[in-house]
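> Mind folding the following:
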Amino acid sequence: MKRVLLITILLLSYIAAFSQHTYDIDFTQTKVMKVSGKTTEKAGHLVFDGNDHLSMIYTEPKGEYFIIEGNLVKINLDGKKAELEADKVKLVQLQRSTLLNCLAGNYEQAAIENHADKSISYEGDFQTVTLTVNGKVPRGGYSSVVLTYRISDGMLTRMVLEEGVGAINTYELK
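Numbers count the residues shown, from 1 in each chain. Reported below is the predicted structural model:
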(Lines give C-alpha, C1' and ligand atoms only; values in the text may rest on other atoms or scores of the structure.)
Protein backbone atom coordinates (compact mmCIF):
# COMPACT_ATOMS: atom_id res chain seq x y z
CA MET A 1 0.00 0.00 0.00
CA LYS A 2 2.83 2.43 0.86
CA ARG A 3 4.48 1.66 -2.48
CA VAL A 4 1.27 2.45 -4.42
CA LEU A 5 0.85 5.70 -2.51
CA LEU A 6 4.46 6.70 -3.16
CA ILE A 7 4.17 5.92 -6.88
CA THR A 8 0.91 7.90 -7.07
CA ILE A 9 2.49 10.92 -5.37
CA LEU A 10 5.53 10.78 -7.69
CA LEU A 11 3.30 10.46 -10.76
CA LEU A 12 1.13 13.41 -9.73
CA SER A 13 4.25 15.52 -9.04
CA TYR A 14 5.62 14.64 -12.48
CA ILE A 15 2.33 15.48 -14.20
CA ALA A 16 2.07 18.82 -12.37
CA ALA A 17 5.65 19.75 -13.26
CA PHE A 18 5.26 18.70 -16.90
CA SER A 19 1.97 20.53 -17.36
CA GLN A 20 3.50 23.78 -16.10
CA HIS A 21 4.55 25.49 -19.33
CA THR A 22 7.68 27.60 -19.09
CA TYR A 23 9.41 29.43 -21.91
CA ASP A 24 12.92 30.70 -22.55
CA ILE A 25 12.65 31.37 -26.25
CA ASP A 26 13.21 33.87 -29.05
CA PHE A 27 10.21 35.49 -30.71
CA THR A 28 9.28 37.74 -33.59
CA GLN A 29 6.40 40.19 -33.59
CA THR A 30 4.65 41.57 -36.64
CA LYS A 31 2.14 44.37 -36.16
CA VAL A 32 -0.23 45.33 -38.96
CA MET A 33 -2.45 48.39 -38.73
CA LYS A 34 -5.68 47.45 -40.51
CA VAL A 35 -6.64 50.96 -41.57
CA SER A 36 -3.28 52.16 -42.93
CA GLY A 37 -1.75 48.79 -43.79
CA LYS A 38 1.45 49.89 -42.04
CA THR A 39 3.54 46.95 -40.86
CA THR A 40 6.24 46.93 -38.19
CA GLU A 41 8.46 44.03 -37.25
CA LYS A 42 10.25 43.42 -33.98
CA ALA A 43 12.27 40.59 -32.42
CA GLY A 44 13.36 39.62 -28.96
CA HIS A 45 13.60 37.03 -26.23
CA LEU A 46 10.70 35.82 -24.06
CA VAL A 47 11.01 34.23 -20.62
CA PHE A 48 7.90 32.93 -18.82
CA ASP A 49 8.01 31.05 -15.51
CA GLY A 50 4.62 29.36 -15.88
CA ASN A 51 3.01 31.62 -13.30
CA ASP A 52 3.00 35.40 -13.15
CA HIS A 53 6.43 36.43 -14.38
CA LEU A 54 6.89 37.24 -18.05
CA SER A 55 9.63 39.23 -19.73
CA MET A 56 9.78 40.15 -23.38
CA ILE A 57 13.07 41.91 -24.00
CA TYR A 58 13.33 43.25 -27.54
CA THR A 59 16.56 43.01 -29.48
CA GLU A 60 14.99 44.85 -32.43
CA PRO A 61 14.44 47.62 -31.57
CA LYS A 62 16.97 47.38 -28.81
CA GLY A 63 15.90 48.73 -25.44
CA GLU A 64 12.18 48.01 -25.71
CA TYR A 65 10.54 45.65 -23.21
CA PHE A 66 7.28 44.32 -21.82
CA ILE A 67 7.59 42.81 -18.34
CA ILE A 68 5.08 41.32 -15.92
CA GLU A 69 6.33 40.82 -12.36
CA GLY A 70 3.34 39.63 -10.39
CA ASN A 71 0.91 42.55 -10.30
CA LEU A 72 3.38 45.05 -11.78
CA VAL A 73 3.49 45.63 -15.55
CA LYS A 74 6.51 47.49 -16.97
CA ILE A 75 6.36 48.75 -20.54
CA ASN A 76 8.82 50.50 -22.83
CA LEU A 77 7.31 50.15 -26.32
CA ASP A 78 7.05 52.49 -29.28
CA GLY A 79 8.43 55.43 -27.31
CA LYS A 80 5.97 54.95 -24.44
CA LYS A 81 7.27 54.00 -21.03
CA ALA A 82 5.14 53.09 -18.01
CA GLU A 83 4.95 51.06 -14.81
CA LEU A 84 1.42 50.06 -13.89
CA GLU A 85 -0.17 48.07 -11.09
CA ALA A 86 -2.57 45.72 -12.87
CA ASP A 87 -5.11 45.61 -10.05
CA LYS A 88 -5.55 49.40 -10.30
CA VAL A 89 -6.20 49.53 -14.07
CA LYS A 90 -8.89 47.10 -15.27
CA LEU A 91 -7.67 47.01 -18.88
CA VAL A 92 -4.07 46.30 -17.85
CA GLN A 93 -5.32 43.56 -15.53
CA LEU A 94 -7.26 41.94 -18.40
CA GLN A 95 -4.32 42.16 -20.86
CA ARG A 96 -1.93 40.78 -18.21
CA SER A 97 -4.22 37.90 -17.39
CA THR A 98 -4.92 37.11 -21.06
CA LEU A 99 -1.22 36.92 -21.93
CA LEU A 100 -0.29 34.80 -18.92
CA ASN A 101 -3.22 32.42 -19.44
CA CYS A 102 -2.51 31.99 -23.16
CA LEU A 103 1.18 31.22 -22.54
CA ALA A 104 0.29 28.77 -19.77
CA GLY A 105 -2.23 26.98 -22.01
CA ASN A 106 -5.19 28.17 -19.92
CA TYR A 107 -7.20 29.39 -22.91
CA GLU A 108 -10.47 28.36 -21.18
CA GLN A 109 -9.82 30.97 -18.48
CA ALA A 110 -8.80 33.56 -21.10
CA ALA A 111 -12.11 32.95 -22.91
CA ILE A 112 -14.10 33.40 -19.68
CA GLU A 113 -12.30 36.60 -18.66
CA ASN A 114 -12.68 38.13 -22.15
CA HIS A 115 -16.34 37.07 -22.55
CA ALA A 116 -15.28 35.24 -25.69
CA ASP A 117 -16.56 32.32 -27.72
CA LYS A 118 -14.02 29.55 -28.20
CA SER A 119 -13.45 27.30 -31.20
CA ILE A 120 -10.78 24.63 -31.59
CA SER A 121 -9.39 23.09 -34.76
CA TYR A 122 -6.61 20.64 -35.51
CA GLU A 123 -4.16 20.50 -38.39
CA GLY A 124 -1.26 18.09 -38.43
CA ASP A 125 0.71 18.40 -35.20
CA PHE A 126 -1.00 21.62 -34.12
CA GLN A 127 -4.12 22.70 -32.24
CA THR A 128 -5.53 26.15 -32.99
CA VAL A 129 -7.75 27.86 -30.44
CA THR A 130 -9.69 30.94 -31.53
CA LEU A 131 -11.26 33.25 -28.95
CA THR A 132 -13.74 35.79 -30.33
CA VAL A 133 -15.08 38.42 -27.96
CA ASN A 134 -18.86 38.72 -27.68
CA GLY A 135 -20.24 42.22 -27.82
CA LYS A 136 -18.34 45.46 -27.44
CA VAL A 137 -14.57 45.23 -27.08
CA PRO A 138 -13.24 47.44 -24.27
CA ARG A 139 -10.94 50.26 -25.42
CA GLY A 140 -7.47 48.77 -25.71
CA GLY A 141 -8.85 45.23 -25.45
CA TYR A 142 -8.62 42.32 -27.87
CA SER A 143 -11.45 41.50 -30.27
CA SER A 144 -9.94 38.10 -31.02
CA VAL A 145 -7.08 35.89 -29.95
CA VAL A 146 -5.79 33.02 -32.08
CA LEU A 147 -3.44 30.56 -30.37
CA THR A 148 -1.52 27.74 -32.01
CA TYR A 149 -0.22 25.03 -29.69
CA ARG A 150 2.04 22.12 -30.59
CA ILE A 151 0.04 19.00 -29.67
CA SER A 152 3.04 16.90 -28.60
CA ASP A 153 3.93 19.14 -25.64
CA GLY A 154 1.19 21.79 -25.48
CA MET A 155 3.64 24.63 -26.11
CA LEU A 156 2.39 27.84 -27.69
CA THR A 157 4.09 28.46 -31.04
CA ARG A 158 2.02 31.33 -32.41
CA MET A 159 -0.26 33.97 -30.90
CA VAL A 160 -2.30 36.50 -32.87
CA LEU A 161 -3.88 39.32 -30.88
CA GLU A 162 -6.36 41.52 -32.73
CA GLU A 163 -6.96 44.75 -30.88
CA GLY A 164 -10.36 46.43 -30.89
CA VAL A 165 -8.84 49.36 -32.82
CA GLY A 166 -7.83 47.01 -35.62
CA ALA A 167 -4.12 46.46 -35.02
CA ILE A 168 -3.10 42.82 -35.42
CA ASN A 169 -0.05 41.60 -33.47
CA THR A 170 1.37 38.22 -34.48
CA TYR A 171 3.94 36.59 -32.22
CA GLU A 172 5.95 33.62 -33.49
CA LEU A 173 7.76 31.71 -30.74
CA LYS A 174 10.85 29.99 -32.09
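> Quick one: residues contacting the residue nearest the centre of the chain.
Nearest residue to the geometric centre of the chain (Cα atoms, centre = their mean): Leu99, 3.1 Å. Shown in contact with Leu99 (Cβ atoms under 8 Å, 6 or more residues apart in numbering): 54, 68. From N, CA and C alone the C-beta is placed, and that goes for glycine too.
> same deal with the one 5 residues further on?
With contacts defined as Cβ under 8 Å, 6+ apart, the neighbours of Ala104 are 20-21, 48, 50-51.
> Helix, strand or coil: sort out Thr98 for me.
Using DSSP: H, G, I helix; E, B strand; the rest coil, the three-state assignment for Thr98 comes out as helix.
> Could you look up the SS state of the nearest residue in space to it that is not next to it in sequence?
Once flanking residues are discounted, Thr98 sits nearest to Ala110: 5.1 Å by Cβ to Cβ, 6 or more residues apart in numbering. Secondary structure assignment for Ala110 (three-state DSSP): helix.
> I'd assumed Thr28 was in contact with Thr40.
No. Using Cβ atoms under 8 Å, Thr40 is not in contact with Thr28, being 11.3 Å away.
> Ranking by neighbours, what's the top pick from the contacts of Ala104?
Taking other Cβ atoms under 10 Å as the neighbour criterion, Phe48 ranks highest of the contacts of Ala104 with 22 neighbours.
> okay, now the closest residue to it other than its chain neighbours: neighbour count?
Closest residue to Phe48 apart from its sequence neighbours, by Cβ to Cβ, 6+ apart: Tyr23 at 4.2 Å. For Tyr23, the count of nearby residues is 17 (other Cβ under 10 Å).
> Surely Tyr23 and Asn51 touch.
No. Using Cβ under 8 Å as the test, Tyr23 is too far from Asn51 to be in contact (12.0 Å).
> which one is Asp78 nearest to, not counting chain neighbours?
Nearest to Asp78 is Glu64, by Cβ to Cβ, 6+ apart, at 7.7 Å.
> mind listing what the one you found touches?
Counting by Cβ under 8 Å, 6+ apart, Glu64 has contacts 42, 44, 58, 76-78.
> what element comes up after the helix or strand in which Phe27 is found heading to the C-terminus?
Element membership for Phe27 (DSSP states H and E) is strand 23-33. Later in the chain than strand 23-33, the nearest helix or strand by DSSP H and E is strand 39-48.
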